[in-house]
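Asks: Here is my input; please provide its structure:
(one chain, ligands or ions: 1)
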Amino acid sequence: MLRDIIAKREKALPVSTIGALLKIAEENKKVVSLGPGEPDFNAPKHIIAAAKKALDKGFTHYSPPEGRRDLKEAVIRKLKRDNKIDAKPGNILVTTGSTEGILLTLMCTLDDGEGVLLPDPGFLAYKPTVEVLNGLPIPVPVLEKDNFQYSVDKMRELIIPERTKAIILNTPSNPTGTVFKKKVLEEIADFAVENKLLIISDEAYEKLVYGDARHISMGSLNGMEDYVMTLHSFSKTYAMPGFRVGYAAGPENIIRAMTKAHIFTTLCAPTLSQVAAVAALNGSQEPVRKMAREYDRRRKYIYRRVNEIEGFECVKPEGAFYLFPRFTFRMKSLGFASWLLKHAKVAVMPGTEFGKFGEGYIRFSYATRYDRIVKAMDLVERAVKRIKK
Ligand SMILES: Cc1ncc(COP(=O)(O)O)c(C=O)c1O
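Replies: Down below sits the predicted model:
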């Protein structure tokens, strides 16, 4: 029997409390789940067809570590057209999902003890990834009173000068559904330049923006090309999370370092998925618009319903597929999520899963069929009426 085989590094990783909740939700067919952050849609048909064809043609081999040439060319065209970012092949690395993009960027830029400013609440991989690399996460509270926009004043208070290397920015944001305004992005850009910080811009939800909101890539702002690593994903835009493919676009020296590290992490993103990704970028974008229209319909509905239920208050989200309401019931986030699962048979994510400033909130995902959302809202409304004030 091996003793003490598990490394301290692993032991320090957080145990995801939601894992257990979601397992219950999956096993109990009566539960309506608004938990997971992945599209309920399958990938569009032409993308599946391209993947099938690629299999038949024998695309079962490794690809160049930096990514297939046809995919990089398609990415360069897309970055110019949609993100107003000028890139050359040396600025691009195809990754195994943007999760690997986050890991590689941090792995190649952070030395021991160096700080990274990151949003709290924010996507749950950021903090553990910084920690596992012996970096210092510096959570920046992202508050409802600021409409969940990043506050540069807060960053100024929290930064450890000389020892902070990067800022993680996520717009549209998980879990709050916030789309960052140009003015806020410009303030962050000035702050980054002033403090010589790399901005890691996670734009996984770039195509899921609604109403008058517009997605702006930090890398498109004047003079920012040397300061930004932009991370993109096929998971949300094209409903391809299981394909595990994304890309990073940034300064050539960082991309070169990441490509070297990538050889030792995953070697290359799955070849089959890269062929499917070319079909996604070069094919019709109508399926993307259609999915976004359906998310928008659900967004309007769930926002209205949640605000009508006494005990919830909510900022109207403008992007991604999440609603992040505050609740006034006398429970903690995790307790309330467990309570909803037990009494309403609805699975949600506790806000604290995304950081300590998520306390008092829960996250509803509307990447679930419309009729299921209607049912979930009826169940939540009925159940919370029973809570004594
Ligand atoms: C903000 C954010 N970034 C990145 C990811 C990971 O995406 P990928 O499937 O590309 O690794 C997620 C997934 O939920 C996310 O919410």
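Asks: where's Leu21 relative to the ligand, distance?
Replies: Using CB to the nearest ligand atom, to the nearest Å, we find Leu21 at a distance of 17 Å from the ligand. (C-beta placed from N, C-alpha, C; glycine too.)
Asks: Please name the residues that touch that residue.
Replies: Gly35, Ala337, Ser338, Leu341, Ala347 (CB atoms under 8 Å, 6 or more residues apart in numbering).
Asks: Quick one: distance of the helix or strand containing it to the chain centre.
Replies: For Leu21, the host element (DSSP states H and E) is helix 17-27. For helix 17-27, the gap between its own C-alpha mean and the chain's C-alpha mean amounts to 20 Å (CA atoms, centre = their mean, to the nearest Å).
Asks: Return the set of buried residues in that helix.
Replies: Thr17, Ile18, Leu21, Leu22, Ala25 (16 or more other CB atoms under 10 Å).
Asks: go on, stretch 66-81?
Replies: Applying 16+ other CB under 10 Å to stretch 66-81 flags Glu66, Gly67, Arg68, Leu71, Lys72, Ala74, Val75, Ile76, Lys78, Leu79 as buried.
Asks: Name the residues of the chain found near the ligand, please.
Replies: Residues of the chain lying close to the ligand by CB under 6 Å from any ligand atom are 37, 97-99, 123, 170, 174, 202, 204, 233, 235, 241, 246.
Asks: What's the local residue count around Asp146?
Replies: Look at Asp146: counted by other CB atoms under 10 Å, it has 15 neighbours.
Asks: for the one 3 residues further on, same thing?
Replies: Neighbourhood size, Gln149 [other CB under 10 Å]: 21.
Asks: So it, which state does it fall into?
Replies: The three-state assignment at Gln149 reads coil, by DSSP: H, G, I helix; E, B strand; the rest coil.
Asks: Quick check: helices, which of the buried residues of stretch 66-81 are part of them?
Replies: Of those, the ones assigned to helices by DSSP state H are Leu71, Lys72, Ala74, Val75, Ile76, Lys78.
Asks: you'd agree Leu117 is in a strand?
Replies: Yes - assigned with three-state DSSP, Leu117 falls within a strand.
Asks: For it, list the residues it contacts.
Replies: Ile138, Val140, Met155, Leu158, Ile159, Thr164, Ala166, Ile167, Ile168, Leu197.
Asks: My guess is the fifth one contacts Gly115. True?
Replies: Think Ile159. Yes - Ile159 lies in contact with Gly115 (CB atoms under 8 Å); the separation is 7.3 Å.
Asks: about what we covered before: switch the ones in helices among the buried residues of stretch 66-81 over to CSV; also include pLDDT.
Replies: Below are those laid out as CSV (pLDDT from 0 to 100):
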residue, pLDDT
Leu71, 98
Lys72, 98
Ala74, 98
Val75, 98
Ile76, 98
Lys78, 98
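Asks: nearest to Ile302, of these?
Replies: Nearest to Ile302 among those is Lys78, at 30.2 Å by CB to CB.
Asks: about what we covered before: what is the nearest of the buried residues of helix 17-27 to Asp226?
Replies: Taking CB to CB as the measure, Asp226 sits nearest to Ile18 out of those, at 37.8 Å.
Asks: From Ile47, how far out is Ala54?
Replies: 11 Å (CB to CB, to the nearest Å).
Asks: contacting residues around the helix ranked longest in the chain?
Replies: Longest helix in the chain, counting residues (DSSP H): helix 286-308. Contact with helix 286-308 is made by 39, 41, 44, 46, 177, 207-211, 237-239, 312-314, 316-317, 321, 323, 325, 364, 366-368, 370, 373-374, 377, 381, as judged by CB under 8 Å, 6+ apart.
Asks: Tell me where the stretch 201-350 of the chain has helices.
Replies: 252-265, 271-282, 286-308, 333-339 (DSSP state H, counting those that start in this stretch).
Asks: which of the ones you listed sits most buried?
Replies: Sort the helices of the stretch 201-350 of the chain by mean neighbour count, taking mean count of other CB atoms under 10 Å, and helix 271-282 sits at the top with a mean of 23.
Asks: So what pairs up with the nearest residue to Val142 once chain neighbours are set aside in the strands?
Replies: Excluding the flanking residues, the one nearest Val142 by CB to CB, 6 or more residues apart in numbering is Pro119, at 4.7 Å. Beta-bridge partners for Pro119, by DSSP bridges, are Val140.
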